[in-house]
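Enquirer: Give me coordinates for this.
(chains A and B)
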Amino acid sequence: MAPQATEEQVLYANILNKGMAIGLLGLIITFIIYGAGIIKPVIPLEEVQNYWVMPVADYLEQTGIHAGWAWLGNLGKGDMLNFLPIALLSLLTIVCYLAILPGLMRKKDTAYVVLVIVEVVVLTVAASGILGSGGH
Amino acid sequence: MLTKFKASNAITLLIILITMFAGASVAYASQAPEAAAGAAETAEAVARHAWWYWPLILLILSFVLGVFAVLAGVGGGVLYVPIVSGFLPFHLDFVRGAGLIVALAGALAAGPGLLRKGMADLRLAIPLALIASTCAIAGAMIGLALPTNVIQTLLGATILGIVAIMIKAKKSEFPNVPKSDPLSQALRITGVYHEPTINKDVSWKVHRTPQALALFVIIGVMAGMFGLGAGWANVPVLNLLMGAPIKISVATSKFLLSITDTSAAWIYLNNGAVLPLMVVPSVVGIMLGSFIGVRVLAVTKPAVIRILVITVLSVAGLKSFLKGLGIG
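Expert: Okay, here's the model as predicted:
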């Protein structure tokens, strides 16, 4: 038996590799846009330090920022734009799991098909924000 | 792509980022008189820094942590959360949010190489990841619901526990697994990898899978609650309990974090506990640090670094513990 990565592992790795590169590049580009002041942020850069010393619930209350996916409607703001690559990185695992699902189904690997589907559901529920958003 | 990233590229990127911060400092200085005139001349205003000051500190500190994490053989997240929350002015909520994204980015970056080489095993990771990621959601929700002082105290206690594990835990290169358990047989959790030190293909299987799954409940909760990567717990369970070879355990643990931390990261993200001004310098710093760390590893004595990291973690853990109790 020669050591080799399975078909699913290689597929998973390829998607992860591309997604990670895009996400990391996006993280740097959007941060430069934010830091250089090219796009105006919701919270002025100088004021962020007033908020990161307090609990997240107080931060949300004092800034009036809505948690959850509200940033998606504010992509025209420098700080909110940064959430795009962060969300991309956080969604990568779901994409990789969905990508290996057809191969597992073809092989009739029922146990892993179920495990992968349940994991996708768990991660989607976590990402959706339906488990509550808004801090303490 | 990332695996081909060279140390020189890492240094260039670090220089670009520091230059960017320096450029911002010049712009800030030119606007400072107006800003100062406009701002109330209060003690609070005097205590404030330019916006880039703390992100730059985070970038540099994370870079150093990234180097040391590789040299000490621990994940970046486990160093980041106690040290940043213990010694810098950020609230623990935002440090945990940033810590999870830091650990997630590190795990995502390492994943492709580990999977392709067959070192990280998908069949071993998937069942454990399901338990850990589900429990990490619960951990994150508990962590954000509990009062800060309670979390701070528990974090301190956990870090001190991790120090104990780092000192005491043994590793087994090729654990003896006489017979795989029925569950791992049913899930066909087994594999072969090439071990260059003995120039042989090593077959491996695991046992005690149900017990490991039970332990991953606790690991998941703790990962979500404290925003730590959980490699310090994953590796002993995979290696010493389940009997996976140490290299398979370390690689699969790293890959597992990309799934566990994803679920917890979403909870922090959806609760507003992720600030880009903290997250981006931290992620970039720690990743550049780990690229350099891999290269420095060849010319340093890991034992010395390990003692240094254990000492720093002990101080950070104790500080967090006392701070939570209102003593520190």
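Enquirer: What segments of chain B are helices?
Expert: For chain B, the helices defined by DSSP state H cover B:7-38, B:43-47, B:53-72, B:76-87, B:92-116, B:122-145, B:148-168, B:182-186, B:209-226, B:231-236, B:246-270, B:276-296, B:302-324.
Enquirer: go on, chain A?
Expert: Secondary structure of chain A (DSSP H): helices located at A:7-35, A:48-51, A:56-63, A:78-81, A:83-106, A:110-128.
Enquirer: Mind putting those into JSON lines with mean pLDDT and distance to chain B?
Expert: Placement of C-beta: from N, CA and C, glycine included. Putting these into JSON lines (pLDDT from 0 to 100; distance: least, CB to the nearest CB, whole Å) gives the following:
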{"stretch": "helix A:7-35", "mean pLDDT": "95", "distance to chain B": "4"}
{"stretch": "helix A:48-51", "mean pLDDT": "94", "distance to chain B": "5"}
{"stretch": "helix A:56-63", "mean pLDDT": "95", "distance to chain B": "4"}
{"stretch": "helix A:78-81", "mean pLDDT": "96", "distance to chain B": "6"}
{"stretch": "helix A:83-106", "mean pLDDT": "97", "distance to chain B": "5"}
{"stretch": "helix A:110-128", "mean pLDDT": "97", "distance to chain B": "4"}
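Enquirer: Any idea which helix or strand in chain B has the lowest mean pLDDT?
Expert: Ranking every helix and strand in chain B by mean pLDDT, DSSP states H and E puts helix B:43-47 at the bottom, with a mean of 46.
Enquirer: Now do the same contact list for the most centrally placed residue in chain B.
Expert: The structure's chain B has its C-alpha centroid closest to residue B:77; by CA atoms, centre = their mean the separation is 2.1 Å. Each residue near residue B:77 by CB atoms under 8 Å, 6 or more residues apart in numbering or on different chains is listed here: B:99, B:100, B:102, B:103, B:106, B:227, B:228, B:229, B:257, B:261.
Enquirer: tell me the least confident of those residues?
Expert: pLDDT across the contacts of residue B:77 is at its lowest for residue B:229, which sits at 77.
Enquirer: Now that one: phi and psi?
Expert: phi -70, psi 160 (degrees, to the nearest 10).
Enquirer: What is the neighbour count of the residue nearest to residue A:89 when sequence neighbours are not counted?
Expert: With sequence-adjacent residues excluded and distances taken as CB to CB, 6 or more residues apart in numbering or on different chains, residue A:89 is closest to residue A:23, at 4.1 Å. By the measure other CB atoms under 10 Å in any protein chain shown, the count of residues near residue A:23 is 23.
Enquirer: you'd agree residue A:23 is up against residue A:93?
Expert: No: counting by CB atoms under 8 Å, residue A:23 stays clear of residue A:93, with 11.8 Å between them.
Enquirer: which residues does the nearest residue to residue B:117 once chain neighbours are set aside contact?
Expert: Leaving aside its chain neighbours, residue B:117 sits nearest to residue A:5 (6.9 Å; criterion: CB to CB, 6+ apart). By CB under 8 Å, 6+ apart, residue A:5 lies in contact with A:13, B:115, B:116, B:117, B:118.
Enquirer: What separation is there between the fourth one and residue A:109?
Expert: Separation of residue B:117 from residue A:109 (CB to CB, to the nearest Å) stands at 22 Å.
Enquirer: of all the residues in the stretch 201-328 of chain B, which ones are close to chain A?
Expert: By the rule CB under 8 Å from any CB of the partner chain, the part of the stretch 201-328 of chain B lying against chain A is B:201, B:203, B:258-259, B:262-267, B:269-281, B:283-284, B:287.
Enquirer: Low-confidence bits of chain B, can you list those?
Expert: Residues of chain B meeting the criterion pLDDT under 70: B:1-47, B:298, B:302, B:328.
Enquirer: List the beta-bridge partners for the residue nearest to residue B:200 when sequence neighbours are not counted.
Expert: Spatial nearest neighbour of residue B:200, chain neighbours left out: residue B:194 (7.5 Å); criterion: CB to CB, 6+ apart. Legend: beta-bridge partners of residue B:194 under DSSP bridges are residue B:201.
Enquirer: Test my guess that residue B:194 contacts residue B:201.
Expert: Yes: using CB under 8 Å, residue B:194 is in contact with residue B:201, at 5.4 Å.
Enquirer: Among the two, which residue is more densely surrounded?
Expert: Higher neighbour count among residue B:194 and residue B:201: residue B:194, with 15 against 12, using other CB under 10 Å.
Enquirer: circling back: I'd like the helices of chain B written out as TSV, with distance to residue A:62 added.
Expert: Shown next, in TSV, are the helices of chain B (distance: least, CB to CB, whole Å):
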stretch	distance to residue A:62
helix B:7-38	20
helix B:43-47	15
helix B:53-72	19
helix B:76-87	21
helix B:92-116	14
helix B:122-145	17
helix B:148-168	17
helix B:182-186	50
helix B:209-226	25
helix B:231-236	36
helix B:246-270	19
helix B:276-296	16
helix B:302-324	23
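Enquirer: just so I know, which of the ones you listed lies nearest residue A:49?
Expert: Shortest distance between residue A:49 and the helices of chain B, using CB to CB, is found for helix B:53-72: 6.3 Å.
Enquirer: Just the CA atoms from the closest one would do, formatted as PDB, please.
Expert: Output in PDB follows, covering the C-alpha atoms of helix B:53-72 (Å, rounded to 0.1, in the frame of the first residue of the first chain):
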ATOM      1  CA  TYR B  53       0.100  52.800  17.100                       C
ATOM      2  CA  TRP B  54      -1.600  49.800  18.600                       C
ATOM      3  CA  PRO B  55      -2.100  48.000  15.300                       C
ATOM      4  CA  LEU B  56       1.600  48.400  14.700                       C
ATOM      5  CA  ILE B  57       2.300  47.000  18.100                       C
ATOM      6  CA  LEU B  58       0.000  44.100  17.300                       C
ATOM      7  CA  LEU B  59       1.700  43.500  14.000                       C
ATOM      8  CA  ILE B  60       5.200  43.400  15.500                       C
ATOM      9  CA  LEU B  61       4.100  41.400  18.600                       C
ATOM     10  CA  SER B  62       2.200  38.900  16.400                       C
ATOM     11  CA  PHE B  63       5.300  38.600  14.100                       C
ATOM     12  CA  VAL B  64       7.400  37.700  17.200                       C
ATOM     13  CA  LEU B  65       4.700  35.300  18.500                       C
ATOM     14  CA  GLY B  66       4.600  33.700  15.000                       C
ATOM     15  CA  VAL B  67       8.300  33.000  15.100                       C
ATOM     16  CA  PHE B  68       8.300  31.700  18.600                       C
ATOM     17  CA  ALA B  69       5.100  29.600  18.100                       C
ATOM     18  CA  VAL B  70       6.900  27.600  15.300                       C
ATOM     19  CA  LEU B  71      10.100  27.300  17.300                       C
ATOM     20  CA  ALA B  72       8.200  26.100  20.400                       C
END
